[in-house]
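In: Sequence unavailable; structure follows:
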């Protein structure tokens, strides 16, 4: 995720017991929990209730031949064994991979998608039109959608979280004497560098390459018109001068984590979007809670409001100060069109993206669906990536019909499963048991009232999802980010990146004060939609930390901090990506990607175990990014022969198409975010 400049402690004013306090008590009870009804004892029940499935391969395509055949009793343990040696840390302007692997650059920022875009120019002179038709900046979440059931041809959907203005413009952004933006094309180029790229790629001569001018290639930017669906659609909350009926929103911003659906669509998540808007009036309750700025916008796009070249209030809309006689006469509600899960059909280049409001409005980080059972609802998990924020799940009203996996009108399936359902927020307790608290009008609040005493509709609850979660007593977390689901056990995993603002309160799920290193939790759903059992799977830490900090006993070959991106492949391998926030680890290695097979960590009774000093060697470092970068975004082909990972905001890379070739000493490059392709030299399965 991007490094937010706001202090999230300003926004959550609740007195809810934080996760760190719960986790501190939980750790002291862990041995007891394992003997009782904790997660380790729940393995035998995995696959029941609302446990979840993998988040990596398109469920609408046939499984690869390496996937175990269906059985009456699905296996609860993977047969995968990591077949590479953990690599050492790296501090280079190059990527590092294990012996026997190669890595090369694919679809870097500025790669033309069609003939409307000029080739990327080293001097930064590409125009806004070029950028609108080329791969965006700051690659993040990602998914591979195969075409024609092939493992060598498909569509790569790539998020573009935010931008580097100094790299985007030859001399940086142009400002007047008052620090205001003055050049229209610069601002449009920045808006167009945000969003999502859909890129056709093919494997030819053992090298993946972008297919230029393919009909599937397209961009969604910070200005693209999108439909709105779910509880907030067509309500007064979304009424603006541009969309008087509240049916549309313009653009998607700060697209960080991602997901996909069983019917073959892409889900992109709007994360730190509040900073793109400003209000100089009195903030509403939801604006205060989510963190709308009262000083200026992140990049000053609003500065050009009223310019003679402005089209349809393209810049004015970022200033949401009420100025007209009603919402239909200004943009007071413009920010209300942001903060959602956005669904995209990559296979239909003529379709419009849809914002799914029923899944909540907050700073979404990832969206992972639960285990599919015919006749049962679908569950989606999403974290609110800020310090002291919450974990959510959405349970559909509609029940799963396996025929829908092959639907040709994919966005209609989104309407069916994602427009109506119940949104829940998580509350953790120290005994390893948790509760999903529904965010409905009749939900009980901590003061004994109901949400109906504070909200007049479900739409109002969704608009201020975090505020509603405060009232029902959700557990504040250490930046909940990506979720992923073990395809064998059904357990759900979630990264908690860090929280250096936690100074005087902890809970079992967030047990460390001044948490610089982060951790990964996991849970199994219970028989009821409101129940789950949880534990902490692994703690990030430097090797030389004391036992109270390095609780998982990590060493030089797997020490990490700030877990962020998270994914499973269908073989049961979990891939962990980092966004370093700790000097102790950052001094040893750049951001990285590690691998582990959680379902194989079992005791003599076949109960799932957490990472400890006894088994920590099962966690292996697979990949290290170049200096200055974040390693983020994961995708894999159905034959497991290719892994795609994104490099965001590198400092001086890439030097060549060989991602592992170091930039020569003394050479300064204009850095380019890019996807890295990782393959075995013998063409075999990656990781094993």
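Out: All right, it came through fine. In this text the structure is predicted, and so the values were computed from the model without any measurement.
In: any idea how far residue 504 is from the residue nearest the centre of the chain?
Out: With distances taken as CA atoms, centre = their mean, residue 257 lies nearest the centre of the chain, 1.6 Å away. Going from residue 257 to residue 504 by CB to CB, to the nearest Å gives 30 Å. C-betas here are computed from N, CA, C, even on glycine.
In: contacting residues around residue 126?
Out: 110, 117, 118, 120, 134, 189 (CB atoms under 8 Å, 6 or more residues apart in numbering).
In: Filter those residues down to the buried ones and hand me the ChimeraX line.
Out: Listed next is the ChimeraX selection for buried residues among those, using 16 or more other CB atoms under 10 Å:
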select :110,117,120,134,189
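In: tell me the mean pLDDT over stretch 627-637?
Out: In this model, stretch 627-637 has a mean pLDDT of 98.
In: meant to ask about stretch 213-221
Out: In this model, stretch 213-221 carries a mean pLDDT of 98.
In: Residues in contact with that stretch: which ones?
Out: The contact list for stretch 213-221 (CB under 8 Å, 6+ apart) reads 113-115, 132-134, 136, 147, 155, 191-200, 211, 226, 251-252, 268, 342, 344, 346-347, 349, 353.
In: Can you give me the end-to-end span of it?
Out: With CA to CA, to the nearest Å as the measure, stretch 213-221 spans 18 Å from end to end.
In: What of stretch 292-310?
Out: Termini of stretch 292-310 sit 24 Å apart (CA to CA).
In: With stretch 384-400 instead?
Out: Note: stretch 384-400 ends 26 Å apart using CA to CA.
In: Ok, stretch 255-275 next?
Out: From its first residue to its last, stretch 255-275 covers 13 Å (CA to CA).
In: Sketch out the strands for the stretch 551-688 of the chain, chain order is fine.
Out: For the stretch 551-688 of the chain, the strands defined by DSSP state E, counting those that start in this stretch cover 563-568, 574-578, 592-596, 620-624, 630-636, 642-648, 674-680.
In: Can you work out which other helices and strands pack against the last one?
Out: Just to be clear, that refers to strand 674-680. strand 101-106, strand 139-146, strand 642-648 (3 or more CB pairs under 8 Å, 6 or more residues apart in numbering; DSSP states H and E).
In: Now render these as a markdown table, adding mean neighbour count, mean pLDDT and distance to residue 169.
Out: Listed next are the helices and strands packed on strand 674-680 as a markdown table, based on neighbours: other CB atoms under 10 Å; pLDDT from 0 to 100; distance: least, CB to CB, whole Å:
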| stretch | mean neighbour count | mean pLDDT | distance to residue 169 |
| --- | --- | --- | --- |
| strand 101-106 | 20 | 98 | 23 |
| strand 139-146 | 26 | 98 | 19 |
| strand 642-648 | 27 | 98 | 19 |
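In: Which one, of the ones you listed, ends up nearest to residue 238?
Out: Counting by CB to CB, residue 238 lies closest to strand 139-146 out of the helices and strands packed on strand 674-680; the figure is 25.1 Å.
In: Does anything pack onto that closest one? Which helices or strands?
Out: strand 153-160, strand 255-260, strand 266-270, strand 630-636, strand 642-648, strand 674-680.
In: Tell me how far stretch 354-362 lies from the chain's centre.
Out: Distance of stretch 354-362 from its chain centroid, counting by CA atoms, centre = their mean, to the nearest Å, is 14 Å.
In: OK, contacts around residue 656?
Out: Counting by CB under 8 Å, 6+ apart, residue 656 touches residue 105.
In: Check residue 611 too.
Out: Counted by CB under 8 Å, 6+ apart, residue 611 has contacts 537, 538, 539, 552, 553, 596, 601, 618, 619.
In: let's see it at 7 Å
Out: Under the criterion of CB atoms under 7 Å, 6 or more residues apart in numbering, the neighbours of residue 611 are 537, 538, 552, 619.
In: I figured the last one hits residue 557, correct?
Out: No. In this structure, residue 619 is not within contact of residue 557 by CB atoms under 7 Å, at 8.6 Å.
In: okay, those two: which has more neighbours?
Out: Shown here are residue 619 and residue 557; by other CB atoms under 10 Å, residue 619 has more neighbours (26 against 17).
In: From residue 598, how far off is the more buried one?
Out: Distance from residue 619 to residue 598, by CB to CB: 10 Å.
In: Check residue 206 too.
Out: Note on residue 206: its distance to residue 598, by CB to CB, is 31 Å.
In: Looking at the two, which has the bigger crowd around it?
Out: residue 598 (27 against 12).
In: Identify the residues contacting the more buried one.
Out: Residue 598 neighbours (CB under 7 Å, 6+ apart): 486, 537, 574.
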